[in-house]
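**Student:** need the 3D shape of this:
(chains A and B)
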Amino acid sequence: MSNPLLKLENIGIQFGGLKAVQNVNMYLNKGELVGLIGPNGAGKTTTFNMLTGVYVPTEGEITFNGQSIKGLKPYQVSHKGISRTFQNIRLFKDLTVLDNVKIANHQLAKHSILSSILRLPTHFKGEATMEKESIEFLKIFELDVYKDELAKNLPYGMQRRLEIARALAAGPKLLLLDEPAAGMNPQETQELMDLIALIRKEFDLTILLIEHDMSLVMGICERIYVLDHGQLIAEGTSEEIRNNPKVIEAYLGEEVVH
Amino acid sequence: MKKSKAFWGYLAFALVIYAVVQGMLASGMLDLYYQNMLITICINVMLAVSLHIVIGVTGQFSIGHAGFMAVGAYISAICTMKLGLPFIVGIILAGIVAAVAGLLVGVPSLRLKGDYLAIATLGFAEIIRIVFLNVDYVGGAAGMVVNHATTWTYAFVGVVITIMVISNFTNSRHGRGCLAIREDEIAADAMGINTTYYKVVAFVIGSLFAGVAGALYAHNFYIIQPTAFNFLKSFEILIYIVLGGLGSLSGSVMAAIFLTAISQYLQAFPETRMIIYSVVLIIVMLYRPTGLMGTKELKDLFKVKNRGGSEA
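**Tutor:** Residues are numbered from 1 along each chain as shown, chains lettered A, B, ... in the order given. From the prediction side, this is the model:
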């Protein structure tokens, strides 16, 4: 508790005159699975973008693993050990499934450009390691049979799975999932929940999850943060969140409460 | 290990081509006209492949490639004609200086995307051309007389090295980083790819070989003039890779060979040359809107055939 893996202190961001997110305080302990929910436009994805370096918060501080990561570029944040998926799938569509994962594995091998151009032994060794590791990741997600398929040709559910596989291949300590179940049917959602539980155990991960699907969030998250209009309005276990009048108001409107 | 074998296979294939052509040239089966045509093809293939790594692989729409060719041409010409250095030193220096020029142009302009990058690179290329136009040391608008030094051997070795370096780069973790940028820059960044670095690297490698091609060009035509490196030249190179299929190395090589050959044959009909050339382009783009090869490589075609054969 004294030393959380990720800590957001009073972070906020302003676009012109619009305060998209303000005064958000959050923490994630190592190994936790935490949900971030809120109505559309509440600032969930903006918060993710601040965490991953896409946006630089205009106020506040973000610490990860005891170091400040505010102001780092997205690729530097990724090197620190934070990996993400996207709300609208962003695979490398015209590349193969295997290449998608290999790209995220970029940091695994260290052979230089010169060794690749001259095809030195270090190149072959590095590439072989990357290939082996990438196939391991695909196996966990049961995608290894499709490894030579172009990513855009996979069915939707598999594309979602591939995106998680790719995020994992970057070697994260903290995984950020942005609506992983969006557009999935109940059965696919159930499989996804099992998968998230599995990878969490297997890779000793900490996970922060944005989701609209309440059953998924309530089912697997240990703690939940609720954002509305760019501010945190509640935090707690799923039971506490379910009965929190502020949350009900944000989701269902004032009339229902009164 | 399988991949390194394939590499030696390609190299052996290249050697065979070289030996056959060299033999035909030596025995007089191919006259000077054809020798000149072969050298021009080699130069254009180098230009196409060096632009392929920037546009086809990394997805950065640069249309100022003739600018780097001009740098290479003038630097090599200065080396051989003014400083009396050997041709090979001129070629190497041309590559290095063009690469440095690529770095200087790439670092500020690669922050831009799409149309904006295209305009910026076009602008830089024009600046380079205007500089040469106004420097009397290299002859200004009248141009600079250069000795003929480019031979089939120089040109062919240049092509082989260009293709080898760029294909080896593309088929490695670094090349995949560049491909990721082409596919989705935001995702590439989030997956830990230093996008700025790889964009600049691809741009510098492309400029380097454009410079080498420029050096070979300068020593093939007896004279170089700034007008030879205007934006029409940049578009000509762009046409090779678009026609070949953006993202396909073998496609851009084939398109460069094909179009150079057509354009040489059409010199017999100067009045209708550009019309026929344009009609060919229009027909190809109508029937193959993704270019001759799409994003596929030659070897992919064979792979598909093999797979189909074994299933049947």
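**Student:** where do the helices sit along chain B?
**Tutor:** B:2-27, B:32-51, B:65-77, B:87-109, B:114-134, B:152-170, B:173-183, B:185-190, B:195-218, B:231-244, B:249-265, B:273-287, B:298-311 (DSSP state H).
**Student:** in CSV, list those along with mean neighbour count.
**Tutor:** For the C-beta atoms, the positions are set from N, CA and C on the backbone; glycine is no exception. Below are the helices of chain B laid out as CSV (neighbours: other C-beta atoms under 10 Å in any protein chain shown):
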stretch, mean neighbour count
helix B:2-27, 12
helix B:32-51, 22
helix B:65-77, 31
helix B:87-109, 21
helix B:114-134, 17
helix B:152-170, 20
helix B:173-183, 25
helix B:185-190, 23
helix B:195-218, 27
helix B:231-244, 22
helix B:249-265, 21
helix B:273-287, 12
helix B:298-311, 10
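**Student:** those: lowest mean pLDDT?
**Tutor:** Taking the average pLDDT of each of those, the minimum falls on helix B:298-311, with a mean of 55.
**Student:** chain A contacts on the stretch 201-312 of chain B?
**Tutor:** Residues of the stretch 201-312 of chain B lying near chain A by C-beta under 8 Å from any C-beta of the partner chain: B:201, B:247, B:295.
**Student:** again, 10 Å this time
**Tutor:** Counting by C-beta under 10 Å from any C-beta of the partner chain, the residues of the stretch 201-312 of chain B lying close to chain A are B:201, B:205, B:247, B:294, B:295, B:303.
**Student:** from the residues you listed, pick the one nearest residue A:118.
**Tutor:** residue B:205 (13.7 Å; C-beta to C-beta).
**Student:** ok, the closest residue to the closest one other than its chain neighbours - how many residues close by?
**Tutor:** Distances taken as C-beta to C-beta, 6 or more residues apart in numbering or on different chains place residue B:53 nearest to residue B:205, at 5.7 Å, with adjacent residues excluded. Neighbours of residue B:53 under the rule other C-beta atoms under 10 Å in any protein chain shown: 29.
**Student:** surely residue B:53 touches residue B:178?
**Tutor:** Yes: using C-beta atoms under 10 Å, residue B:53 makes contact with residue B:178 at a distance of 7.6 Å.
**Student:** the helices in the stretch 51-200 of chain A, which residues?
**Tutor:** For the stretch 51-200 of chain A, the helices defined by DSSP state H, counting those that start in this stretch cover A:74-80, A:97-104, A:113-117, A:121-140, A:156-169, A:186-203.
**Student:** most packed of those helices?
**Tutor:** Per-stretch averages of neighbours, counted by mean count of other C-beta atoms under 10 Å in any protein chain shown, single out helix A:97-104 among those, with a mean of 27.
**Student:** just checking, what packs against it?
**Tutor:** For helix A:97-104, the contact count by 3 or more C-beta pairs under 10 Å, 6 or more residues apart in numbering or on different chains; DSSP states H and E identifies helix A:121-140, helix A:156-169, helix B:173-183, helix B:185-190 as packing neighbours.
**Student:** which residue does the stretch 101-250 of chain A have closest to chain B?
**Tutor:** Of the stretch 101-250 of chain A, the residue with the smallest distance to chain B, taken as C-beta to the nearest C-beta, is residue A:116 at 3.5 Å.
**Student:** got the contact list for the nearest residue in space to that residue that is not next to it in sequence?
**Tutor:** Of all residues not flanking residue A:116 in the chain, residue B:172 sits nearest, at 3.5 Å (C-beta to C-beta, 6+ apart). Residue B:172 is in contact with A:109, A:111-113, A:115-117, A:119, A:123, A:126-127, A:130, B:178, counting by C-beta atoms under 10 Å, 6 or more residues apart in numbering or on different chains.
**Student:** on that earlier part again, so can I have CSV of the helices and strands packed on helix A:97-104 showing distance to residue B:222?
**Tutor:** Written out in CSV, the entries for those read as follows (distance: least, C-beta to C-beta, whole Å):
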stretch, distance to residue B:222
helix A:121-140, 42
helix A:156-169, 54
helix B:173-183, 38
helix B:185-190, 44
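**Student:** select, out of those, the one closest to residue A:63.
**Tutor:** For those, the distance to residue A:63 is smallest for helix B:185-190, at 19.8 Å, taking C-beta to C-beta.
**Student:** does chain A have contacts with the closest one?
**Tutor:** Yes: where contact is defined by C-beta under 10 Å from any C-beta, part of helix B:185-190 touches chain A, namely B:185, B:186, B:187, B:188, B:189, B:190.
**Student:** ok, the first one to residue A:219 distance?
**Tutor:** In this structure, residue B:185 and residue A:219 are separated by 35 Å, where distance is defined by C-beta to C-beta, to the nearest Å.
**Student:** try the third one
**Tutor:** Using C-beta to C-beta, we find residue B:187 at a distance of 28 Å from residue A:219.
**Student:** what sits against the residue nearest the centre of chain A?
**Tutor:** Nearest to the centroid of the C-alpha atoms of chain A, with distances taken as C-alpha atoms, centre = their mean, sits residue A:176, at 1.7 Å. Neighbour list for residue A:176: A:6, A:36, A:47-49, A:51-52, A:82-86, A:167, A:206-210, B:190 [criterion: C-beta under 10 Å, 6+ apart].
**Student:** restricted to strands, list the residues you listed.
**Tutor:** Taking DSSP state E, the ones among the contacts of residue A:176 that sit in strands are A:6, A:36, A:82, A:83, A:84, A:206, A:207, A:208, A:209, A:210.
**Student:** residue A:74 is in contact with the third one, correct?
**Tutor:** Think residue A:82. Yes: with the criterion set as C-beta under 10 Å, residue A:82 and residue A:74 qualify as a contacting pair; they are 9.4 Å apart.
**Student:** which residues are common contacts for these two?
**Tutor:** Residues within reach of residue A:82 and of residue A:74 at once, by C-beta under 10 Å, 6+ apart, are A:52, A:53, B:190.
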